[in-house]
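Asker: Predicted structure and sequence below. I'll ask about it afterward.
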Amino acid sequence: MVARDTSVSIEGEDWLINGRPTYAGRSWRDLRIEGLLLNSRMANGIFDDLNPLTRALWAYPDTGEWDANRNTQELVAALPVYRDHGLVAIGLNLQGASPFGYYRFDDASIDSLLERVRRKHPEATHESVWRGLSSTRSQPWETGAFNRDGSLRPEFLERAASVVDAADKLGMVVCLGLFYFGQDERLVDEAAVLSAVDGACRWVLESGFTNVVIEIANEVDIPLYEHEVLTASKVHTLIERVRETEHKGRRLLAGTSVSGRVAPTAEIVGASDFVLLHGNHLDDPNEITSRIEATRALHTYRSQPLVFNEDDHFDFGRPENNFFNALAGRAGWGYFDPGQGAGGRAAFGDYVEGYQNPPINWSINTDRKTAFFEALREVTGS
């Protein structure tokens with residue numbers, strides 16, 4: 001077994017790395033930063049597209065081709081720069097995330113997407129692009145580390161391992177998401193979902209990764225999950241399943257996220273080691289404060305850490321913003337940059353804007369990215 005450099009744990013509301021609170025001793029503007037998990041959503045860091053009709057949508061401008069390994073390698077190369085600015089965690093998802101900003105399935109959006117596909121494949125039709133899916137509500141690209149029966153795809157795991165290994169060497173945590181709406185229907189049934197959960201957890205544990213925590217699924221309240229066990233009313237059973245999975249006396253910390261539209265359910269909070277919140281749609285920073293208070297008021301809350309791991313608000317120059325209000329509420333905060341898709345729009349990647357839409361430029365190369373990382377550096381004293 002390879003010796004690991006980074007071990008994540010939780011003590012009360014605090015995150016610990018190698019037994020010490022994150023940002024040990026750090027305060028900023030009279031706020032205790034110590035123990036928080038400040039993070040950035042890099043969900044498509046191991047993305048690939050197995051649909052030959054949509055694969056060309058993600059082509060790099062310099063080569064005209066999509067390259068999944070290049071995408072991951074460039075993320076790995078950027079990690080030391082993020083860490084130097086004070087970032088201690090990234091979010092990665094085994095089923096990726098929408099590579100199209102916010103996926104929209106109204107007629108105009110679907111027609112626009114099909115027109116883009118036809119630039120490379122003039123013969124493409126709705127039927128051929130969305131083959132095997134029940135409707136255009138499902139995302140047509142096929143990505144993720146799971147086969148239809150829930151077994152694992154080695155090429156995705158190899159890319160994920162390279163990210164986790166690099167983060168481990170830097171003292172960083174990886175919040176590893178398993179499922180994403182728009183892709184979960186690729187698994188044939190609930191038994192496949194359970195197999196995927198078990199297989200992913202065994203892979204993490206048997207690989208000896210000690211810097212990984214598990215996010216079962218992204219925004220389980222969104223009514224687009226095909227499998228009931230991945231919805232807000234049932235997902236707590238999967239959190240419990242992860243927590244009960246052990247290897248050589250060790251288990252994984254686990255939780256799941258909800259969208260900015262709702263607070264987590266009491267069942268989710270009761271089952272979770274940490275509570276994941278989203279700030280999308282919370283345009284008033286005071287709503288961040290209210291969401292934190294509402295979550296802590298749940299009868300099942302037992303002083304777990306709160307972490308916003310997705311928020312596409314960027315007013316870092318204002319005295320009040322979502323980031324700073326989260327800090328004031330003793331919650332970690334996560335930068336989510338979907339480029340031109342910020343605020344809820346569909347958007348293609350251009351190898352410039354954002355950290356969501358392939359081809360992704362993982363460097364700190366735009367004013368928005370720079371503003372976040374400079375704010376992070378100030379907050380953390382890095």
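Answerer: Nice, I can see it.
Asker: Was I right to think W333 contacts E310?
Answerer: No. In this structure, W333 is not within contact of E310 by CB atoms under 8 Å, at 9.7 Å. (Each C-beta comes from the backbone N, C-alpha and C, glycine too.)
Asker: Find the residues that touch each one of those two.
Answerer: G279 (CB atoms under 8 Å, 6 or more residues apart in numbering).
Asker: Look at these two and report which has more neighbours.
Answerer: Neighbours of W333 and E310, each counted by other CB atoms under 10 Å, are more numerous for W333; the result is 30 against 26.
Asker: ok, the closest residue to N280 other than its chain neighbours - how many residues close by?
Answerer: Of all residues not flanking N280 in the chain, G260 sits nearest, at 4.2 Å (CB to CB, 6 or more residues apart in numbering). Neighbour count of G260, defined by other CB under 10 Å: 24.
Asker: now do the one 10 residues further on
Answerer: As a burial measure, the neighbour count of G270 was computed by other CB under 10 Å and equals 17.
Asker: Which strand or helix spans it?
Answerer: Assigned by DSSP states H and E, G270 belongs to helix 266-271.
Asker: buried residues in that helix?
Answerer: Neighbour-count burial for helix 266-271, with 16 or more other CB atoms under 10 Å as criterion, is recorded at E267, I268, V269, G270, A271.
Asker: Now do the helices in this protein.
Answerer: 68-84, 107-118, 126-129, 154-169, 190-206, 236-244, 266-271, 285-296, 322-328, 367-380 (DSSP state H).
Asker: for the ones you listed, which one ends up most surrounded?
Answerer: Highest mean neighbour count among the helices of the chain (mean count of other CB atoms under 10 Å): helix 322-328, with a mean of 23.
Asker: Compute the mean per-residue pLDDT across that one, please.
Answerer: Confidence for helix 322-328, expressed as mean pLDDT, is 98.
Asker: Averaged over its residues, which helix or strand of the chain has the lowest pLDDT?
Answerer: helix 107-118 (a mean of 93; mean pLDDT, DSSP states H and E).
Asker: Could you check how many residues crowd around the closest residue to F181 other than its chain neighbours?
Answerer: Leaving aside its sequence neighbours, F181 sits nearest to L224 (CB to CB, 6+ apart; 4.0 Å). Neighbours of L224 under the rule other CB under 10 Å: 17.
Asker: Hmm, L224 is touching G182, no?
Answerer: Yes. Counting by CB under 8 Å, G182 is a contact partner of L224 at 6.3 Å.
Asker: buried ones in stretch 334-345?
Answerer: Residues G334, Y335, F336, D337, P338, G339, Q340, G341, A342 are the ones in stretch 334-345 that count as buried (16+ other CB under 10 Å).
Asker: Just name the closest of those residues to A200, please.
Answerer: Checking the buried residues of stretch 334-345 against A200 with CB to CB, the nearest one is G334 at 20.9 Å.
Asker: Could I get the contacting residues of the closest one?
Answerer: If a contact means CB under 8 Å, 6+ apart, then G334 has L38, N39, S40, R41, A89, G91, V307, F308, N309, E310, D311 as its contacts.
Asker: any idea how far R70 is from D48?
Answerer: Using CB to CB, to the nearest Å, R70 is found at 11 Å from D48.
Asker: got the contacts of G334 as TSV, with distance to A24 columns?
Answerer: What follows is these, written out as TSV (distance: CB to CB, whole Å):
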residue	distance to A24
L38	14
N39	18
S40	21
R41	25
A89	16
G91	23
V307	18
F308	22
N309	22
E310	26
D311	25
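Asker: By neighbours, which of the residues you listed wins?
Answerer: Top of the contacts of G334 by neighbour count (other CB under 10 Å): F308, with 31 neighbours.
Asker: what's the spacing between that residue and P80?
Answerer: 24 Å.
Asker: Repeat that for P285.
Answerer: On the measure of CB to CB, P285 and P80 end up 31 Å apart.
Asker: Okay, now the unreliable bits of the stretch 201-350 of the chain?
Answerer: By pLDDT under 70, the stretch 201-350 of the chain contains no weakly predicted segment.
Asker: What ranges does it have for its strands?
Answerer: With DSSP state E, counting those that start in this stretch, the ranges of strands along the stretch 201-350 of the chain come out as 212-217, 246-247, 250-251, 254-255, 275-278, 306-310, 331-332, 334-335.
Asker: Serialize those strands to TSV and add fields for distance to V129.
Answerer: Below are the strands of the stretch 201-350 of the chain laid out as TSV (distance: least, CB to CB, whole Å):
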stretch	distance to V129
strand 212-217	25
strand 246-247	41
strand 250-251	41
strand 254-255	34
strand 275-278	29
strand 306-310	27
strand 331-332	38
strand 334-335	32
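Asker: rewinding a little: closest to H121 among the buried residues of helix 266-271?
Answerer: Distances from H121 to these, taken by CB to CB, are shortest for I268, at 41.4 Å.
Asker: correct me, but that closest one touches A232?
Answerer: Yes. Counting by CB under 8 Å, I268 sits close enough to A232 to count as a contact (6.9 Å).
Asker: Now do the shared contacts for these two.
Answerer: V220, V258.
Asker: re the thing from before, between the strands of the stretch 201-350 of the chain, which one is closest to E142.
Answerer: Closest among these, using CB to CB: strand 212-217, at 17.6 Å.
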